[in-house]
Each structure stands twice: as C-alpha cells, then as structure tokens.
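**Student:** Below are the sequence and a predicted model; questions follow.
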Amino acid sequence: MPAHTDHPAIKALRDLFEQQRPSATTEQALKGLRDAFLGRKSGHITEQLKRIATFPPEERRDFGAQVNALKAQIEAALDGLHDTLQAGQKPAGAVDVTLASREIPIGRIHPLMRVRQQVEDIFARMGYEILEGPEVEDDFHNFEALNMPPDHPARDMQDTLYLAAPIVGGTWGAHRGRLPKAQVRAATLLRTHTSAMQIRYMKTFPPPIRIIVPGRVYRRDNLDLSHTPMFQQFEGLVVGPHVTLADLKGTFEAMLRELFGDVKVRLRPSFFPYTEPSAEVDITCQACAGAGCGTCKHSGWLEILGSGMVHPAVFEAVGYDPEQVTGFAFGLGIERVAMLKYGVDDIRLFYENDLRFLEQFPL
Ligand code: DAH
C-alpha cells in the first residue's frame with residue numbers, strides 16, 4: 001500500500017517501529033519490541049485492531065486493511081531480526097559501538113585571511129596600530145590630498161568606480177579631465193587604494209604615527225589571471241621627527257623575511273604622486289630562488305609592494321609641517337602575497353570558494 005494513503009495513526013506506528021527496531025540487538029530486547037507492538041493485551045498493533053470497530057462503516061474496511069498490513073510487516077521484520085540474532089550476526093541498522101565515528105569536516109582559515117593575520121601579527125609586534133577605513137570614499141581622500149589634483153595625470157592610472165558622479169552629459173571617465181574642479185571634488189567613489197586612509201588618519205591625529213590599514217579596494221578591472229575588480233591591500237604609514245629611508249628599508253626587510261623566509265629585498269626607483277622618492281620593492285623570486293624563470297620574467301626578482309617617503313604636499317594637505325616631520329608609506333597587495341607564498345597562479349581562485357582549492361591549505 002502506498003505510504004501516502006496511510007492513516008496518520010498507521011504512519012506514526014510505522015515510524016515508531018523503524019525508530020525502535022535498531023535497539024533489538026539481543027533476544028531480550030527483541031522480545032520487548034515484539035511485546036510492545038504485538039502484545040495481546042496492550043501492544044500498539046493490538047490497540048489499533050481494537051479501534052477498527054469504532055470507524056464509520058465506509059472507512060472501516062480501509063483502516064482494517066492498513067492495520068493488518070502493518071502488522072504483517074512488523075511480524076516479518078521481527079522474524080527476520082530473530083533469525084539474524086540466532087545466526088549470531090549483527091542486525092542491520094544496529095549500532096556498532098566499535099565502528100570509527102564519521103569524519104566531521106573542519107573548516108579552515110581562508111588563505112587571504114591567513115596572510116592578513118600573519119601581516120597584522122608581524123606589525124603588531126613592531127608596535128603598529130591596526131585599523132580599517134571606509135570603502136566608500138570621496139575624491140579628496142582618495143586623490144586630491146594624496147597630491148593628485150583634479151587634472152593630475154596620475155589619476156588616469158587608477159580606473160575608478162564612481163558611485164555618485166555629478167555628470168554633465170557623457171560618461172564620467174570621458175569628461176573627468178575637463179569637468180569643473182568643484183564637481184570633480186564632489187564625487188563619491190569606491191576607494192582605489194587604502195592610501196586614502198593615510199589622509200583620514202593624519203587629519204584626525206597628530207604625529208607620531210605607526211599604522212597599518214588592511215582592507216578592500218576596488219578598480220574597474222576585468223577578471224583575469226591577475227585582476228579582480230575588488231582586491232585587498234595593506235597600507236602602512238610611519239610618521240615622526242626623524243623617519244628615514246633606512247627605516248623604510250629595515251621595516252620591509254623584517255616584514256618580508258618573516259613572511260617569505262630567507263629572501264633578499266631590493267628597492268627600485270619608481271613614481272607615486274604621494275611619495276618622494278618612491279620605490280618599488282622586490283624580493284627574490286619564490287619560484288626559482290632568484291635563478292630566473294617564467295614567473296619573474298627571468299629577472300630573479302618579484303615586485304611585492306609600492307612605497308616611498310611621504311611627499312611634503314601630502315603633509316601640507318593634512319595640516320602637518322613638512323619641516324618638522326618625515327615619514328614613509330607603503331601599499332602591499334594581500335592576494336599578491338598569497339599567490340607568491342602559496343604558488344597560486346590565478347587570483348580568481350581566491351574568490352570562487354571552491355572547496356577543492358581551499359582544502360589544499362593547511363588547517
Ligand atoms: N597606493 C598604491 C597602489 O594602490 C600602493 C602604494 C604605493 C601605497 C606607494 C603607498 C605608497 O602608501 O607610498 O598601488
């Protein structure tokens with residue numbers, strides 16, 4: 001009889017039997033089960049058989065058939081259990097307490113979070129304050145105060161996602177350079193780098209400063225092996241009366257050796273509007289240990305971060321006196337560190353949450 005036509009009382013009884021059946025692991029327990037269901041006086045089935053007479057005549061036949069069918073099934077099951085026990089076997093469905101328990105999968109820390117925690121730990125031990133900043137920024141903090149005025153060519157290096165652009169016809173990108181400065185300055189955007197937080201922090205607190213700022217940043221990039229429109233950075237900023245380029249280099253060496261082990265670190269002259277001088281920092285290629293390979297384009301070196309000495313114009317924008325303080329700043333890509341550290345060649349893997357990828361990282 002199809003189960004869906006079962007009377008509720010019959011279904012409840014069948015469920016109850018299935019539930020109790022695994023407990024019949026001994027002859028004694030089996031007898032208890034038989035009595036509970038088929039006992040002459042008050043067995044569950046017996047009770048239902050007695051009820052048949054109380055049903056209206058047109059339902060009686062159907063209900064009676066259901067009770068008797070279930071009774072036959074239970075009898076057969078109990079007989080089967082009896083045979084199994086006689087044969088000295090374990091009944092199917094019985095609990096085998098000697099079996100190893102089922103494996104419970106344990107989640108693990110995402111590789112990007114792992115790198116973030118490591119970097120935070122390194123800088124916390126060097127006495128840095130760790131803080132986050134807003135992902136929605138304005139033009140002033142993301143560009144202008146970082147020495148990129150509305151018509152500065154360096155803005156073209158950033159492909160910005162604008163949220164509320166005061167556009168007078170055409171697209172923001174096409175008109176950016178020609179818009180009246182007041183309108184450019186009113187723009188709201190997704191920060192293109194964590195450097196915006198340098199400005200927020202310096203505008204709020206006086207020197208000395210030692211901070212790192214982890215967080216998400218956004219750019220209008222298409223997905224490919226090395227680009228995602230959202231990625232994560234660490235911003236670092238150190239400001240004080242006597243901060244020098246030697247402090248910058250020493251700090252990077254300490255950090256990068258902790259992160260990557262015994263690597264060489266080199267500074268390469270570069271350009272950022274908010275630092276002078278600016279440097280890109282390279283470490284020994286992780287793939288070939290400096291010998292030269294495809295990963296490092298046969299140079300033996302891999303670029304790992306952008307940095308420099310804070311530009312005096314940035315200090316002026318936040319009301320610091322460039323005659324009194326100096327500082328260094330840097331930006332480090334978290335995905336990039338994770339890719340080099342773990343030998344991942346496609347940045348998109350970090351954001352697909354494919355367990356086959358994630359399970360390869362240690363617990
Ligand atoms: N903002 C740069 C980027 O997103 C990284 C950077 C370079 C940050 C130099 C800095 C710096 O603080 O001094 O690529």
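**Tutor:** Sure thing, it's come through.

**Student:** Spell out which parts of the chain neighbour the ligand.
**Tutor:** For the chain, the residues in contact with the ligand (Cβ under 6 Å from any ligand atom) are 193, 195, 235, 272, 275, 306-308, 329-331. To be clear about C-beta, it is placed using only N, CA and C from the backbone, and glycine gets the same treatment.

**Student:** check contacts around the residue in the stretch 151-300 of the chain that the ligand sits nearest to.
**Tutor:** Taking Cβ to the nearest ligand atom, the ligand has its nearest neighbour within the stretch 151-300 of the chain at His193, 3.4 Å off. Applying Cβ atoms under 8 Å, 6 or more residues apart in numbering to His193 gives the contacts 142, 158, 217, 233, 235, 331.

**Student:** Include pLDDT when you put those residues into JSON lines, please.
**Tutor:** JSON lines is the format used below for the contacts of His193 (pLDDT from 0 to 100):
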{"residue": "Asn142", "pLDDT": "94"}
{"residue": "Gln158", "pLDDT": "60"}
{"residue": "Val217", "pLDDT": "97"}
{"residue": "Gln233", "pLDDT": "97"}
{"residue": "Glu235", "pLDDT": "98"}
{"residue": "Gly331", "pLDDT": "98"}
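
**Student:** Take the residues you listed and keep only those in strands.
**Tutor:** In this view, those that belong to strands under DSSP state E are 217, 233, 235, 331.

**Student:** Name the member of these that has the highest neighbour count.
**Tutor:** Per-residue neighbour counts (other Cβ atoms under 10 Å) across the ones in strands among the contacts of His193 peak at Gln233, which has 25 neighbours.

**Student:** give me the beta-bridge partners of Ile211?
**Tutor:** Judged by DSSP bridges, the bridge partners of Ile211 are Glu129, Leu237.

**Student:** Now do the helices in the chain.
**Tutor:** Ranges of helices in the chain, per DSSP state H, are 8-20, 27-38, 44-51, 57-86, 111-125, 139-142, 172-175, 181-185, 196-204, 245-260, 312-317, 334-342, 355-358.

**Student:** In terms of mean pLDDT, which of those helices ranks lowest?
**Tutor:** When the helices of the chain are compared by mean pLDDT, helix 172-175 comes last with a mean of 45.

**Student:** Of the contacts of His193, which pair is most distant in space?
**Tutor:** Spatially, the most separated pair among these is Gln158 and Glu235, at 14.8 Å (Cβ to Cβ).

**Student:** which ones are touching Met260?
**Tutor:** Actually, residue 260 is Phe. It isn't Met. Phe260 neighbours (Cβ under 8 Å, 6+ apart): 283, 286, 340-341.
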